[in-house]
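1. task: produce atomic coordinates for the following.
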Amino acid sequence: MTDFIQTPNEQKKSWDTDIVALQQEMNIAKLIRELNRLEAHTDTYDNDDDAADRLDNVRDAIDKTLYEDTRVLAITKWGRPILNRARLEHLLSGLSDYLDKVSVQKFVEERFGNIRK
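-> Coordinates of the predicted model:
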């Protein structure tokens, strides 16, 4: 039996692949709903490692969407947060359901408010 050890580059590639697959599977509104569901689940079931791993992946997918892919949120080199409203509108325009648009906008604005504090 051989042991398989991933190098840091292979681990990062695997993580990136997992996050991109999750983003392709779910739009930002679905990711936020999944985040809420998993947070409630992990509060109830502390020992569920699979749910905790999924929760981490969903959080990372949301962060990647907001900070890297759409750049709705950004942090300047001085540590000042920026909310790009034009990019937020573009992100919201990709959603068809009104409630999805409202929940995503509320999530992004709350995240921005938390970062500003």
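
2. okay, CA-based contacts and neighbour counts for the rest of this
-> Fine.

3. in this structure, which residue is most central in space?
-> Ile62 (1.2 Å; CA atoms, centre = their mean).

4. this protein: helices as residue ranges?
-> Along the chain, the stretches classed as helices by DSSP state H are 8-25, 28-44, 49-63, 85-93, 98-116.

5. out of those, flag the one nearest Leu73.
-> Taking CA to CA, helix 98-116 is the member of those nearest to Leu73, at 7.3 Å.

6. tilt between that closest one and helix 85-93?
-> With axes from the mean of the first three to the mean of the last three CA atoms, to 10 degrees defining the directions, helix 98-116 sits at 150 degrees from helix 85-93.

7. helix 98-116 packs against which elements?
-> Packing partners of helix 98-116 (3 or more CA pairs under 8 Å, 6 or more residues apart in numbering; DSSP states H and E): helix 28-44, strand 81-83, helix 85-93.

8. what's in contact with stretch 70-86?
-> Thr65, Leu66, Tyr67, Arg87, Leu88, Leu91, Phe112, Ile115, Arg116 (CA atoms under 8 Å, 6 or more residues apart in numbering).
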